[in-house]
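Asks: Pasted the sequence and its predicted model underneath.
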Amino acid sequence: MNTRHLPFPAVLALAAVLLTGCAKDIDARGNLPQPEALAQLSVGEQTRQDVRGLLGTPATTAVFDDETWYYISAHTTQYAFYPNHELDRTVYAISFDERGILKGVRKLGLEDGQNVNVASRETPTKGREFSLIEQLIGNLGRLSSSQAPGGGPR
């Protein structure tokens with residue numbers, strides 16, 4: 001038997017292990033309410049407590065008030081070390097009036113989303129920035145003998 005060559009089953013097993021490391025991962029994220037629970041919603045009749053009992057706690061609420069609840073779910077995929085890619089997204093926006101009565105239910109998808117550009121401005125700070133060398137040697141000689149660890153001169 002020649003020890004320089006691996007047997008075919010070992011090569012096949014090694015190839016299978018290597019290829020599964022590169023397989024796409026598809027993940028479900030969020031909390032999507034069940035269709036049966038969504039069908040039980042009655043606009044104008046149910047309160048926030050009723051909706052919470054049917055659908056559970058929302059993923060988030062409106063920023064400036066508690067009049068809209070959002071139930072968000074998405075499927076994402078990632079291939080090897082590349083960044084995540086969103087395949088689909090479902091958002092149910094449940095709105096209430098000022099008395100807490102269900103006012104409307106909207107279903108939104110990935111196509112309803114908007115890209116938001118994040119501002120790249122920085123807030124200036126007082127002082128100056130130190131270089132790497134200044135940071136490394138900046139504290140040499142600043143400690144007096146009375147401040148040395150142990151409390152006294154060496």
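Replies: Now that the structure is in, tell me what you want to look at.

Asks: could you point out the longest helix in the protein?
Replies: As assigned by DSSP state H, the longest helix anywhere in the chain is helix 8-20.

Asks: quick one: the helices in this structure?
Replies: Going by DSSP H, the chain shows helices at 8-20, 35-39, 48-55, 132-137.

Asks: looking only at pLDDT, what's the mean for the last one?
Replies: Just to be clear, that refers to helix 132-137. Averaged across helix 132-137, the pLDDT comes to 80.

Asks: repeat for stretch 113-126
Replies: For stretch 113-126, mean pLDDT rounds to 83.

Asks: got a list of contacts for that stretch?
Replies: With C-beta atoms under 8 Å, 6 or more residues apart in numbering as the test, stretch 113-126 has contacts from Arg89. For every residue, glycine as well, the C-beta is placed using N, CA and C.

Asks: Ok, which of the helices of the chain comes nearest Asp88?
Replies: Distance to Asp88, taken as C-beta to C-beta, is lowest for helix 35-39 among the helices of the chain, at 15.9 Å.

Asks: And that closest one, what's buried?
Replies: The neighbour-count check on helix 35-39 (16 or more other C-beta atoms under 10 Å) flags Leu38 as buried.

Asks: nearest spatial neighbour of the residue nearest the centre of the chain, skipping sequence neighbours?
Replies: The chain has Arg29 as the residue nearest its centroid, 9.3 Å off, counting by C-alpha atoms, centre = their mean. Spatial nearest neighbour of Arg29, excluding adjacent residues (C-beta to C-beta, 6 or more residues apart in numbering): Ala74 at 5.1 Å.
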